[in-house]
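Colleague: what follows is a predicted protein model with its sequence.
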Amino acid sequence: MNWWLKKRLQSFKYAFSGLRFFIKCTPNSWIHLATAIGVIIMSFLFKLNFYEWLFVILAIISVFVAEAFNTAIEKITDYIIPEKNEHAKIIKDIAAGAVLLCAIGAIIIGIIIFLPKFLNLIF
């Protein structure tokens with residue numbers, strides 16, 4: 001195996017290690033994971049079309065990516081500024097706000113896709 005391929009495979013190993021840490025050690029990731037599983041199950045039950053699936057998958061992935069970046073920013077901030085600090089708080093709050101924006105966007109996408117389907121069941 002040449003050195004270039006070895007390096008690429010090693011980078012995947014690091015990425016999966018980071019994902020394992022993220023899922024294992026970030027309580028909010030468990031909430032996102034449970035929600036994602038529920039949404040995926042509903043998507044199968046409601047037999048979403050191709051475009052609805054695209055939006056659902058994009059929404060799920062965007063929330064996970066935002067939460068992962070938030071976690072990374074929090075870890076870096078805690079490492080650089082271990083003591084309580086107003087600037088560190090602002091940095092962490094902004095990162096958390098970005099996750100909230102993503103989650104709100106995902107909820108809006110969910111409402112647009114699933115609400116009509118729920119209403120069709122009721123009426």
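Modeller: Everything's here; your move. Numbers count the residues shown, from 1 in each chain.

Colleague: when you work out contacts or count neighbours from here on, use the C-alpha atoms and nothing else.
Modeller: Fine.

Colleague: would you mark the buried spots in the helix or strand where Val56 lies?
Modeller: Per DSSP states H and E: Val56 is located in helix 50-80. When burial is assessed from 16 or more other CA atoms under 10 Å, helix 50-80 yields the following buried residues: 52-53, 56, 59-64, 66-71, 73-74, 77-78.

Colleague: so Ser29 touches Val65, yeah?
Modeller: No - counting by CA atoms under 8 Å, Ser29 stays clear of Val65, with 10.2 Å between them.

Colleague: which residue is nearest the middle of this protein?
Modeller: Phe64 (0.9 Å; CA atoms, centre = their mean).

Colleague: isn't that one up against Trp30?
Modeller: No - in this structure, Phe64 is not within contact of Trp30 by CA under 8 Å, at 10.3 Å.

Colleague: rounded mean pLDDT for stretch 89-108, please.
Modeller: The average of the pLDDT scores along stretch 89-108 is 98.

Colleague: now that stretch: buried residues?
Modeller: Lys92, Ala95, Ala96, Ala98, Val99, Cys102, Ala103, Ala106.

Colleague: tally of neighbours for Leu5?
Modeller: Neighbour count for Leu5, taken as other CA atoms under 10 Å: 10.

Colleague: gap between it and Val65?
Modeller: 26 Å (CA to CA, to the nearest Å).

Colleague: and what of Phe118?
Modeller: Phe118 is 28 Å from Val65, by CA to CA.

Colleague: how about Leu121?
Modeller: 33 Å.

Colleague: convert the C-alpha atoms of stretch 71-85 to PDB, please.
Modeller: Taking C-alpha atoms only, stretch 71-85 is exported to PDB below (Å, rounded to 0.1, in the frame of the first residue of the first chain):
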ATOM      1  CA  THR A  71     -18.600  20.900  20.900                       C
ATOM      2  CA  ALA A  72     -15.200  21.500  19.200                       C
ATOM      3  CA  ILE A  73     -15.500  25.300  19.900                       C
ATOM      4  CA  GLU A  74     -16.400  24.600  23.600                       C
ATOM      5  CA  LYS A  75     -13.400  22.200  24.000                       C
ATOM      6  CA  ILE A  76     -11.000  24.600  22.400                       C
ATOM      7  CA  THR A  77     -12.300  27.500  24.500                       C
ATOM      8  CA  ASP A  78     -12.100  25.500  27.700                       C
ATOM      9  CA  TYR A  79      -8.500  24.500  26.800                       C
ATOM     10  CA  ILE A  80      -7.400  28.000  25.900                       C
ATOM     11  CA  ILE A  81      -9.300  29.800  28.700                       C
ATOM     12  CA  PRO A  82      -9.800  27.300  31.600                       C
ATOM     13  CA  GLU A  83     -10.900  29.900  34.100                       C
ATOM     14  CA  LYS A  84     -14.300  31.600  34.100                       C
ATOM     15  CA  ASN A  85     -14.200  34.400  31.500                       C
END
